[in-house]
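**Student:** okay, predicted coordinates and the sequence, questions at the end:
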Amino acid sequence: MAATLAGMTTDNHPRPGAGRDLAVRATGLVKQFGDQRAVDGIDLEVHRGEVFGVLGPNGAGKTTMLRMLATLLHIDGGRAEIFGHDVAAEPHAVRRLLGVTGQYASVDENLTATENLWLFARLQGMPRTEARTRGAELLEQFDLTEAATKPISAFSGGMRRRLDLAASLLTRPPLIFLDEPTTGLDPRTRGQMWETIRDLVRSGCTVLLTTQYLDEADQLADRIAVIDRGVKVAEGTADQLKSSVGQSTLQLQVADPADLDAVAEEVRRLIGEDAVPSPEARRVNVPLTRTDQAVDVLVALRDRGVAIESVTVQKPSLDEVFLALTGHDTHDHTAADADTDTDDSPELMEASR
Amino acid sequence: MTALTTGLTVTDPADVVIPPRVSLADTLSQTLTLAWRATMKMRRSMEVMFDVTIQPLIFTGMFAYIFGGAISGDVGSYLPLIIPGLIGQTVLTACVATGVQLRTDMDTGVFDRFKVLPIARIAPLAGPMVADLLRYFIASGLTFAVGIAIGYRPGGGVLGVAGAILLAMLAGWSLAWIFTLFGIVGRNAQAVQGISLLVMFPLTFLSNAFVPTDTMPGPLRAFAEVNPVSLVITAIRDLANDGALTGNVGWALLGCAVVIAIFAPLSVRAFNRKM
């Protein structure tokens, strides 16, 4: 990269110009694997200081998109900027601004935690003493001090993720990519990871995270983009997304299938929604905008003498968000099954490149 | 996780110093850091050292006693021929491992982090290659030691042997570029191993490592004589047996340079495409 190139970019976006208010700006991003478009024209704008969630099922193209933004994959179409630096033209600049923590911990299995942090700090030009103190500081903050000299092979999944995140934070990058940061973690470790991510944001970091879990996006993200089959199908706050499918679902099983019509009638009268019956299972699903509407429905049905066998109230799942947004559910990927694997496996991605 | 915020102040993107490219000094320091990583790896999994420790121990004795009588009349007079030959063979085997280990390494998660760090693209390739100099040193040193233990008396003395070891290390580093290329383009570690052995065997046996080339049929002999492995082994014989800095040493260095000139650019290009 010639120095003039970097200079030109600065001129195009004078500080604090429009381009620099955005941590990430992508327009028409495309990635082609053979005849399959893993990412098919995605636009994305992530503002400085926000947590932006990319939500989608396996194989939707989330990881592929993230890897393109992180300079790990060639961008086949469209363009992307990180803090005003073009990803394709200035990969070196982008790498200096970025911390990336992947789905699989990218730490060295043959080294200890201390040695890993030392290695990555030294590679980024940190002087010896600073590398040592910064490493110790991060191990302390991530509760890894006791395990500092143990081999990584003895680490739990949660400890690996923490070490991986610590390695990404060595140089205090202003932007962090988190690729499915809690996939495969137990609920307690997951909660800890969420706290860490919140702390990161409090410290002024911009976070772009991908997830398969609606509740994770809900917990962490200021704004969410829903990705399906390489295309952005929706974008908005968690509340906006959820209101598109209803807050939660009331699932009823009646003793007599003949009562299903009565249920539908009451639901329409009380909350103005269409119940979705499945007669063969004597079951009916009722979308709720407020969870306490379930009580109204149940009271009304008792008054009409409808015998109910079981009742559950469920929060909207990613499946339902997907069904509402795309008209198919998350597992409905018959033709795209090969692609499902592609998104998860860097190896396969390279092989098909 | 307590009080995480204290240590996590974030750098303002406008304050991040972005040099247009990685400087030569930084590239060197990154390469040495990654060489350090490779030596740590060697220390932790000693089985990767078998090819440069056990193999010279067994092969040296075996080859000397099996072929010694048939080729040179007796074991003692075969040793000046076979020891340099075995050094060539062992170093070449160690080069194969360089490629296979690079492939294995590239398939692990840590390589993803190397790719996303603002470091010279060549450093993750050059680092392990620098560390492997240690393996070539062990391989050639050990072969000399075993040879001397069974009666080999190198006429070149300490200086000659030291020169021979140095040349063997340089040759190892040069020839490793061939197998590094296989390591980069190979589909997986097994494939790399397979193709490397296919290349290694002709390079080893179509050379003057074990037998003089004069009994070989014409075409084989022609190949054996320009085979860089032969050139290196001849030079090692001159250095170790006679302590002479002959023209053969020059030919060996030229052979190494040719291998580097062909395979280093190919490897670097293939590697950059993957990085």
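**Tutor:** Perfect, thanks for sending it. Residues are numbered from 1 along each chain as shown, chains lettered A, B, ... in the order given.

**Student:** list the contacts of the residue nearest to A:Thr171 when sequence neighbours are not counted.
**Tutor:** Excluding the flanking residues, the one nearest A:Thr171 by Cβ to Cβ, 6 or more residues apart in numbering or on different chains is A:Gln124, at 5.4 Å. Using the backbone N, CA and C atoms, a C-beta is placed for each residue, glycine as well. Going by Cβ atoms under 8 Å, 6 or more residues apart in numbering or on different chains, A:Gln124 touches A:170-171, B:117-119.

**Student:** closest to A:Gly230 among those residues?
**Tutor:** Nearest to A:Gly230 among the contacts of A:Gln124: B:Leu117, at 27.9 Å, using Cβ to Cβ.

**Student:** residues near the closest one, how many?
**Tutor:** Using other Cβ atoms under 10 Å in any protein chain shown, B:Leu117 has 23 neighbouring residues.

**Student:** does it touch A:Arg95 like I think?
**Tutor:** Yes. In this structure, B:Leu117 is within contact of A:Arg95 by Cβ atoms under 8 Å, at 6.3 Å.

**Student:** which parts of chain A are strands?
**Tutor:** Taking DSSP state E, the strands of chain A run over residues A:22-33, A:36-47, A:51-55, A:77-82, A:85-86, A:98-101, A:175-179, A:206-211, A:223-228, A:231-236, A:248-254, A:276-278, A:283-288, A:308-314.

**Student:** and the residue nearest to A:Thr171, how far from B:Ser196?
**Tutor:** Note on A:Gln124: its distance to B:Ser196, by Cβ to Cβ, to the nearest Å, is 33 Å.

**Student:** return the distance of stretch B:57-65 from the chain's centre.
**Tutor:** Per Cα atoms, centre = their mean, to the nearest Å, the displacement of stretch B:57-65 from the mean C-alpha position of its chain is 21 Å.

**Student:** weakest of the strands of chain A in terms of mean pLDDT?
**Tutor:** Lowest mean pLDDT within the strands of chain A: strand A:276-278, at a mean of 80.

**Student:** what about it, distance to the chain center?
**Tutor:** Worked out by Cα atoms, centre = their mean, strand A:276-278 lies 31 Å from the chain centre.

**Student:** partners of that strand in the sheet?
**Tutor:** Its sheet considered, strand A:276-278 pairs with strand A:283-288 (antiparallel) by DSSP bridges.

**Student:** how far off centre is the strand it pairs with?
**Tutor:** Here strand A:283-288 is found 28 Å from its chain centre; the criterion is Cα atoms, centre = their mean.

**Student:** so what touches it?
**Tutor:** With Cβ under 8 Å, 6+ apart, strand A:283-288 has contacts from A:245-254, A:260, A:263-264, A:267, A:271, A:273, A:275-278, A:294, A:297, A:313.

**Student:** same check, this time on stretch B:264-275
**Tutor:** Here stretch B:264-275 makes contact (Cβ under 8 Å, 6+ apart) with A:350, B:106, B:114-115, B:121-122, B:124-125, B:177, B:180-181, B:184-185.

**Student:** with just CA atoms, put stretch B:235-254 into CSV.
**Tutor:** The C-alpha trace of stretch B:235-254 is given here as CSV (Å, rounded to 0.1, in the frame of the first residue of the first chain):
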residue,chain,number,x,y,z
ALA,B,235,31.0,-31.1,-0.8
ILE,B,236,30.4,-32.5,2.7
ARG,B,237,32.9,-35.3,1.8
ASP,B,238,35.5,-32.8,0.7
LEU,B,239,35.0,-30.7,3.9
ALA,B,240,34.8,-33.6,6.4
ASN,B,241,37.3,-36.1,4.9
ASP,B,242,39.9,-33.6,3.5
GLY,B,243,39.1,-30.3,5.2
ALA,B,244,39.3,-28.9,1.7
LEU,B,245,37.3,-25.9,0.5
THR,B,246,37.0,-27.3,-3.0
GLY,B,247,35.1,-26.3,-6.1
ASN,B,248,32.6,-28.9,-5.1
VAL,B,249,31.6,-26.7,-2.2
GLY,B,250,30.9,-24.0,-4.7
TRP,B,251,28.8,-26.3,-6.8
ALA,B,252,26.8,-27.3,-3.7
LEU,B,253,26.1,-23.7,-2.8
LEU,B,254,25.1,-23.1,-6.4
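
**Student:** so for it, mean pLDDT?
**Tutor:** The average of the pLDDT scores along stretch B:235-254 is 89.

**Student:** buried residues in it?
**Tutor:** B:235-241, B:243-244, B:248-249, B:251-253 (16 or more other Cβ atoms under 10 Å in any protein chain shown).

**Student:** what sits closest to the residue sitting nearest the centre point of chain B if chain neighbours are left out?
**Tutor:** For chain B, B:Gly172 is the residue whose C-alpha lies nearest the centre (Cα atoms, centre = their mean; 3.3 Å). Among residues not flanking B:Gly172 along the chain, B:Tyr136 sits closest, at 3.4 Å (Cβ to Cβ, 6+ apart).

**Student:** tell me the phi and psi of that neighbour?
**Tutor:** Here the main-chain torsion angles of B:Tyr136 (degrees, to the nearest 10) amount to phi -70, psi -30.

**Student:** pretty sure it is touching B:Trp173, no?
**Tutor:** Yes. Taking contacts as Cβ under 8 Å, B:Tyr136 lies within contact range of B:Trp173: 7.0 Å.

**Student:** who's more crowded, those two?
**Tutor:** Per other Cβ under 10 Å, whichever of B:Tyr136 and B:Trp173 has more neighbours is B:Tyr136, with 27 against 20.

**Student:** quick check: end-to-end length of stretch B:147-159?
**Tutor:** Taking Cα to Cα, to the nearest Å, stretch B:147-159 runs 17 Å from one end to the other.

**Student:** buried set for it?
**Tutor:** Result for stretch B:147-159 [16+ other Cβ under 10 Å]: buried residues B:147, B:152, B:154, B:156.

**Student:** of the residues you listed, closest to A:His47?
**Tutor:** Among the buried residues of stretch B:147-159, and counting by Cβ to Cβ, the member closest to A:His47 is B:Gly147, at 69.8 Å.

**Student:** no more questions from me, cheers.
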